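Asks: Here's my sequence, what's the structure:
(one chain, ligands or ions: 1)
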Amino acid sequence: MSSTAQSLNPLPELNPSRRLLLGPGPSMVHPRVLKAMSTPLIGHLDPEFLVIMDEIQESLRWLFRTTNTLTLPISGTGSAAMEAAIVNLVEPGDQVIVGVNGVFGSRMASMVERCGGRAIRVEIPWGKPIEPERIEQQLQTCQPVKAVAIVHAETSTGTLQPLDSIGQLCQQHKALFIVDAVTSLAGMEVNVDDWHIDACYSATQKCMSCPPGVAPLTFSENAVAHIRNRKSSCTSWYLDCSLISDYWNGTTRTYHHTAPISMAYALRESLRLIQEEGLEARIVRHQRNIQALIAGLRTFGFEFLPTIPYQLTTLLCVTLPSFIDDLKVRKALLNDFHIEIGGGLGSLAGKVWRIGLMGESSREEHVLTLLSALERLLSRETDVPTLGTSIQSALESFQQSNNFK
Ligand SMILES: *Cc1c(COP(=O)(O)O)cnc(C)c1O
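Replies: Numbers count the residues shown, from 1 in each chain. Predicted structure coming up:
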């Protein structure tokens with residue numbers, strides 16, 4: 001044994017602080033999901049595990065609103081599912097139109113290029129949605145176009161991208177439609193079949209309120225045909241869905257890589273929670289809680305990045321008034337109140353906060369806790385309302401949405 005190995009003291013017991021996670025992910029996890037993760041393992045080819053796989057796939061189809069056979073959790077986080085969608089569909093030389101109005105659109109474009117594809121970036125100012133005409137223009141001038149890749153809910157700016165007309169354009173021009181639904185699935189409406197989406201992926205740690213580690217992905221029959229008819233083999237072995245589907249297809253069950261068993265348990269339990277609540281009710285809960293948060297934050301003089309119809313109901317991008325010291329307040333929220341919210345990414349660093357109310361984080365009590373913590377912290381500054389004002393506004397908002405029930 002080396003001397004360093006001999007002198008190493010055992011690690012202390014793991015004991016992270018309890019946090020209220022109100023950032024851009026991970027979100028709060030339901031205790032039932034944590035309990036499911038501690039269930040004893042069975043093998044990834046155990047007949048009982050195969051049943052669990054079937055249940056997960058059926059539930060994911062329900063959640064994505066699709067009949068797609070190839071619907072499965074990718075082993076990895078949302079970026080792994082993003083990469084799986086792209087690396088399976090894009091071959092060297094393929095042209096892909098990518099909507100870029102934030103960090104995640106850029107990430108997709110960079111993945112297209114790493115697969116040897118040509119990314120045609122449709123650049124839009126951050127915080128604005130992409131007009132379908134801009135996509136149409138590129139579809140008309142750049143043929144052949146293999147795919148159009150769009151982020152549904154841009155987590156870096158809180159912007160919602162309407163998708164149905166872009167899906168129709170893709171159909172007309174015979175381009176595949178790739179959609180990032182990481183911050184929308186299980187929190188906002190996502191309609192894979194009705195919106196003509198060919199590849200859609202998400203992540204578990206956002207609106208599904210499950211720890212990060214597996215990532216839902218679905219491919220249309222048309223996308224599957226493209227995968228089968230590739231001229232070159234997929235450049236990623238690990239993410240090659242023609243191989244992975246031999247394990248997930250329900251018949252051959254050929255070993256590809258060991259399924260992350262405990263994450264499958266967690267995903268199953270989080271899907272069960274979503275089913276018990278009902279998708280519609282869950283979407284309404286997200287709307288209601290974000291409205292109350294907006295009402296509360298307005299009393300501080302905060303404004304929000306996208307204009308109203310394009311605001312996500314899962315994540316709010318708050319532009320900071322000049323009297324607020326971004327780092328100081330976020331640090332105090334974490335240290336004094338154990339609340340995590342997100343800062344700005346890229347060009348928005350220091351200018352915005354990103355407050356996520358996703359899945360289990362989207363609760364009335366969390367909205368009120370955050371507002372009261374902000375009142376306490378900001379009461380030291382000038383220009384802020386008297387204590388209780390933001391809470392009052394949030395409560396009125398809850399009251400109003402209750403009247404509409
Ligand atoms: C979080 C996120 C991702 C990446 O997911 P990871 O789990 O961090 O890899 C991709 N797209 C969007 C829109 C996201 O919000």
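Asks: which residues touch the residue in the stretch 1-150 of the chain positioned nearest to the ligand?
Replies: Of the residues in the stretch 1-150 of the chain, the one nearest the ligand is residue 78, at a distance of 2.5 Å by Cβ to the nearest ligand atom. Using the backbone N, CA and C atoms, a C-beta is placed for each residue, glycine as well. Listed by Cβ atoms under 8 Å, 6 or more residues apart in numbering, the contact partners of residue 78 are 180, 182, 201, 202, 203, 205, 206, 212, 215.
Asks: Please verify my assumption that the fifth one contacts residue 77.
Replies: To tie it back to what came earlier, the one meant is residue 203. Yes: using Cβ atoms under 8 Å, residue 203 is in contact with residue 77, at 5.8 Å.
Asks: Compare those two (neighbour count), which wins?
Replies: residue 203 (29 against 18; other Cβ atoms under 10 Å).
Asks: what about the strands in the stretch 151-300 of the chain?
Replies: Ranges of strands in the stretch 151-300 of the chain, per DSSP state E, counting those that start in this stretch, are 153-154, 159-160, 176-180, 199-201, 214-219.
Asks: And the helices in the stretch 251-400 of the chain?
Replies: Using DSSP state H, counting those that start in this stretch, the helices of the stretch 251-400 of the chain run over 261-277, 279-298, 326-337, 364-378, 389-403.
Asks: between those, which gets nearest to the ligand?
Replies: It is, among the helices of the stretch 251-400 of the chain and with distance given as Cβ to the nearest ligand atom, helix 261-277, at 12.6 Å.
Asks: Please tell me how far the residue lying closest to residue 326 once chain neighbours are set aside sits from residue 237.
Replies: Leaving aside its sequence neighbours, residue 326 sits nearest to residue 350 (Cβ to Cβ, 6 or more residues apart in numbering; 5.3 Å). Separation of residue 350 from residue 237 (Cβ to Cβ, to the nearest Å) stands at 41 Å.
Asks: Identify whichever of the strands of the stretch 151-300 of the chain lies nearest to the ligand.
Replies: strand 176-180 (4.8 Å).
Asks: Figure out how far the closest one is from the centre of its chain.
Replies: From the chain centre to the centre of strand 176-180 is a distance of 14 Å (Cα atoms, centre = their mean, to the nearest Å).
Asks: ok, residues contacting that strand?
Replies: 78, 82, 85-86, 89, 96, 104, 108, 146-153, 163, 166-167, 170-171, 192, 195-201, 222-223, 226.
Asks: Can you select the buried ones from those in PyMOL?
Replies: Burial among the contacts of strand 176-180 is assessed by 16 or more other Cβ atoms under 10 Å; the matching PyMOL selection reads:
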select buried, resi 78+82+85+86+89+96+104+108+146+147+148+149+150+151+152+153+163+166+167+170+192+195+196+197+198+199+200+201+223+226
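Asks: Show me which residues of stretch 109-117 are buried.
Replies: Of the residues in stretch 109-117, those buried under the neighbour-count criterion (16+ other Cβ under 10 Å) are 109, 111, 112, 115, 117.
Asks: mind listing what the residue of the stretch 251-400 of the chain found nearest the ligand touches?
Replies: Here the stretch 251-400 of the chain gets closest to the ligand at one residue, residue 315, 8.1 Å apart by Cβ to the nearest ligand atom. Going by Cβ under 8 Å, 6+ apart, residue 315 touches 24, 153, 155, 158, 183, 354, 355, 356, 357, 358.
Asks: Identify the contacts common to residue 203 and residue 77.
Replies: 212, 215.
Asks: Quick check: residue 243 vs the ligand, distance?
Replies: From residue 243 across to the ligand, the span is 21 Å (Cβ to the nearest ligand atom, to the nearest Å).
Asks: Can you give me the neighbour number for that residue?
Replies: The burial count for residue 243: 16, using other Cβ under 10 Å.
Asks: and the gap between the residue nearest the centre of the chain and the ligand?
Replies: Residue closest to the average C-alpha location in the chain (Cα atoms, centre = their mean): residue 182, at 2.2 Å. As judged by Cβ to the nearest ligand atom, residue 182 and the ligand stand 4 Å apart.
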